[in-house]
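Colleague: missing the sequence, but the structure's below:
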C-alpha cells in the first residue's frame, strides 16, 4: 500500500594516478611465477554479506513544538546477501583472458515509530499541505520503507604480467553497465487522517573500466590478491514523486525530474586470500564498491515550516562493503591459477 514504484566525486585522474603508483611500487618487489599454462573456460561464483552505506534515506522530521526539530527520521539499512557470477575463457599466459561478470544487490528495509507533534515528510518536500499537528491528540504511526536495487554487468579483458618469482600483476580493461533503482515511501496514519509520500529514482549508466590486481604468491597453494578498478560512466537519471493527504480538501501533487547527462563513477577495491588445488581455487576476503553521480537524488526536498538543519541532505555517493567468499573452477585439466 505504501511504496509505489515511481521513477561527485573522486577525480578520475587521481584514480588513474593511484593505479600508476601501484604498478611502480610492485615493479620493485620480488615476484610470483607459475610456469604452468592454462587455456580454456573458467567460471566463478561469489557469495557475500553486503552492507550499503550512506544511502541516507531521510523520510521525515518530527518536532513537539513549532520552534524546532527534535528528530530526523532515516531508514536503517541492514546487511544483505549478494551473489556475483563470472564466466570466461583464458587464451593462455601470453594472450590473457576474456570474462563476463554480473553482480546484483536487491533489498528492502523499513522503520516504524509512534510520534506526537509536528510531522514534516521530506521525500517530496515539506509544505503546508503535508504538515500534520497532533498536539495532545492520539499519536500517529509513522512508517518509512525503502527498496534498493543495484546491478553491474562487466565484460573485461585481463592480461597477467609476471613481475618476478613471487609476484604477478593482472591488468584489466573493459566495459561496464550499471543501474541503480531506489523506491522510498512514507506513511503517516493519524487519528483522523492518513498521509502518504513516495519517491522513485532510476539511473542507468555505461562506460569503460580500468584496473589492476597484484597477486602475491607465498606457496604453491596459497596467495594474497589486492585489486583496484575504476569505472568512468555516462549516466541517465529519472525520478518522480507524489504526495496525497487522505481524507483532505487539499489535492495531492506530483513532481518529476530527468537528466540525460550525469557523470557517474564506480571505484571497486578487493583484498582476498586464495587457496589453489588442481582446477579449483577457493578464496575469502573483503571488498568495497563506491558509487558516485548516478546515485544522487535529483529531487531534493525543499525545507519548510521550521524544518531547520534537518532538511534533506545532499547525497553524492553510496558504498557497498562486503565480506565475501567464493570458488573458481577451471573446466580444462590444464592448470594455471586464474582468479577473476
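Modeller: Structure received. Note that this is a predicted model, so its numbers are computed, not measured.
Colleague: how about the strands in the stretch 1-150 of the chain?
Modeller: 40-53, 58-63, 71-74, 80-90, 97-115, 118-121, 132-133, 140-162 (DSSP state E, counting those that start in this stretch).
Colleague: so which of the ones you listed is the most surrounded?
Modeller: strand 118-121 (a mean of 25; mean count of other CB atoms under 10 Å). Backbone N, C-alpha and C define where each C-beta goes, glycine included.
Colleague: in terms of helix, strand or coil, where does residue 220 fall?
Modeller: coil (DSSP: H, G, I helix; E, B strand; the rest coil).
Colleague: let me see the contact set for the residue nearest to residue 144 when sequence neighbours are not counted.
Modeller: Nearest non-adjacent residue to residue 144, counting by CB to CB, 6 or more residues apart in numbering: residue 59, 3.7 Å away. By CB atoms under 8 Å, 6 or more residues apart in numbering, the residues touching residue 59 are 73, 74, 75, 111, 121, 122, 123, 144, 184, 185, 186, 197.
Colleague: and residue 237, how far from residue 293?
Modeller: 9 Å (CB to CB, to the nearest Å).
Colleague: list the buried ones in the helix or strand residue 276 falls within?
Modeller: Using DSSP states H and E, residue 276 maps to strand 253-277. Across strand 253-277, burial judged by 16 or more other CB atoms under 10 Å covers 262, 263, 264, 265, 266, 267, 268, 269, 270, 272, 274, 276.
Colleague: model confidence for the fifth one, exactly?
Modeller: The pLDDT attached to residue 266 in the predicted structure is 98.
Colleague: got it, and the second one?
Modeller: pLDDT, residue 263: 92.
Colleague: so the closest residue to it other than its chain neighbours versus residue 178, what's the distance?
Modeller: Spatial nearest neighbour of residue 263, chain neighbours left out: residue 293 (4.9 Å); criterion: CB to CB, 6+ apart. According to CB to CB, residue 293 and residue 178 sit 10 Å apart.
Colleague: kindly report the same for residue 266.
Modeller: Residue 266 sits 6 Å away from residue 178, going by CB to CB.
Colleague: now the chain, which segments are flagged as low pLDDT?
Modeller: Applying pLDDT under 70 to the chain flags the ranges 1-37, 64-70, 93, 125-139, 191-192, 246-252, 301-314, 333-340.
Colleague: returning to that earlier point: now do the shared contacts for residue 266 and residue 178.
Modeller: 152, 231, 233, 291.
Colleague: ok, back up a step: now for the strand holding residue 276, which elements pack on it?
Modeller: Strand 253-277 makes packing contacts with strand 167-189, strand 194-217, strand 222-246, strand 280-292 when contacts are defined by 3 or more CB pairs under 8 Å, 6 or more residues apart in numbering; DSSP states H and E.
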